[in-house]
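**Student:** missing the sequence, but the structure's below:
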């Protein structure tokens, strides 16, 4: 990733042109975007300007339509405020997220059914834990990481520990979603995220010290971000929590925008020795769930970020190099959120199709009677459901012996397992029921 070029100074550009020329520029440049895109100078300088304008004049015209923005409490190291603009593409994305991820949306039964929602929740928690850790340098395969989480074995190395920490932290966020954000809560999340992964274990859950100043850079030594000094972190954390809890007097800010800015804020302040990126994304999830976007229990943003990490970094840098304009970071993260929601809906649709194919295949298994096929169809949709001889008998209006024979036959074929509960036997679908059905001819 290359450090972007800083835009020309608006003040200096204004000093170089007459009022008449400025009016000509503004009559040509009439909106803040270029072909619908909120373009940074580093991109604009490679484009052909409108007829009659120079590149600096084109940029000047754009800056007039980008001001004034919504100013927030976050400041840079020199005390300059950050701001953002809710341009049309942002409004469109916010509306879509409101429709697809919050309130009383209608979601497929797989997610809303208490018997199946845990399977989807665990899948998302694992995906987010793995990819968020990989963004911060964890080196392992998804298969190995998922095997560790599913079997409950202890991590073998730092990468696996990072992933397990993330997984457990994401579970914790679901539990604390109703709580207001506080310094203690941020420190708790950081301790969970970095447990047994830091060179200095005492650095977990506390601010970095003056002698622990960190810069964000690459392996060649180029510095991309120099965070505020340690002495400012206490006050900045207080301001961040006030912002997260809507106590910082900016007026209404859409909850999704507030969540994205909270993500940026912690990453910008870089208050910890390590684990800042993972903590920032954890705060984003807390904020989205806190504001009622319940679908984000099932949405993994880091999967999308991991596919193009350079764009993630550029979103930070474009904001910092263009007068602290958070609009760049908002646009990128709204794109990430949109793609993440689409991925969830696509996965659920595919799962529905897969189950439909298995149910269709059931009809061709001649050795199963219609009652057994109906039970297995139900088990595919409700993997945590339990069946008894009495319940099967009542569902199909058969005698006790027939119901018992049906269930025992399914157990002998390896499709159900049974255990004693009191005086009765309880039958449940085997954990690999789908694979067992796929293997059948």
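**Tutor:** That came through, no problem. No experiment lies behind these values; they were computed from the predicted model shown. Residues are numbered from 1 along each chain as shown.
**Student:** ok, residues contacting stretch 384-393?
**Tutor:** 115-116, 118, 371, 375, 378-379, 398-400, 402-404, 406-407, 416, 424-429 (C-beta atoms under 8 Å, 6 or more residues apart in numbering). From N, CA and C alone the C-beta is placed, and that goes for glycine too.
**Student:** Which positions in that stretch come out as buried?
**Tutor:** By neighbour count with 16 or more other C-beta atoms under 10 Å, stretch 384-393 contains the buried residues 386, 387, 388, 389, 391, 392, 393.
**Student:** ok, now stretch 127-144?
**Tutor:** For stretch 127-144, the neighbour count (16+ other C-beta under 10 Å) marks 127, 128, 129, 130, 131, 132, 133, 134, 135, 136, 138, 140 as buried.
**Student:** Make sure the first one is actually in contact with residue 303.
**Tutor:** Read that as residue 127. Yes. Between residue 127 and residue 303 there is a contact at 5.7 Å, judged by C-beta atoms under 8 Å.
**Student:** Look at the residue lying closest to residue 171 once chain neighbours are set aside and give its secondary structure.
**Tutor:** Of all residues not flanking residue 171 in the chain, residue 125 sits nearest, at 6.4 Å (C-beta to C-beta, 6 or more residues apart in numbering). Following DSSP: H, G, I helix; E, B strand; the rest coil, residue 125 is assigned to helix.
**Student:** Surely residue 125 touches residue 172?
**Tutor:** No. Assessed by C-beta under 8 Å, residue 125 is found out of contact with residue 172, at 10.6 Å.
**Student:** which one of the two has more residues nearby?
**Tutor:** residue 125 (22 against 17; other C-beta atoms under 10 Å).
**Student:** Let me know the pLDDT of the more buried one.
**Tutor:** In this model, residue 125 is scored at 83, pLDDT.
**Student:** Next up, the contacts around it.
**Tutor:** For residue 125, the contact set (C-beta under 8 Å, 6+ apart) comprises 167, 170, 171.
**Student:** Point me to the helix or strand that includes the first one.
**Tutor:** Take DSSP states H and E as the rule and residue 167 turns out to sit in helix 158-176.
**Student:** which outside residues touch that helix?
**Tutor:** Under C-beta under 8 Å, 6+ apart, the answer for helix 158-176 is 125-126, 128-130, 132-133, 136-140, 144-145, 148-149, 155, 185, 188-189, 192-197, 278, 282, 285-286, 289, 297.
**Student:** Pull the distance from the helix or strand following that helix to the chain's centre.
**Tutor:** As assigned by DSSP H and E, the chain's next helix or strand after helix 158-176 is helix 183-194. Its chain's average C-alpha position is 18 Å from that of helix 183-194, according to C-alpha atoms, centre = their mean, to the nearest Å.
**Student:** contacting residues for residue 88?
**Tutor:** Taking C-beta under 8 Å, 6+ apart, we find residue 88 in contact with residue 33.
**Student:** From residue 312, how far off is it?
**Tutor:** Distance of residue 88 to residue 312, computed by C-beta to C-beta, to the nearest Å: 23 Å.
**Student:** Likewise for residue 151?
**Tutor:** Distance, residue 151 to residue 312, by C-beta to C-beta: 32 Å.
**Student:** Same drill for those two, tell me which one is more crowded.
**Tutor:** Taking neighbours as other C-beta under 10 Å, residue 151 and residue 312 compare with residue 312 leading, 21 against 7.
**Student:** my guess is that one meets residue 328, correct?
**Tutor:** No. Between residue 312 and residue 328 there is no contact under C-beta under 8 Å: 11.5 Å.
**Student:** No further questions, thank you.
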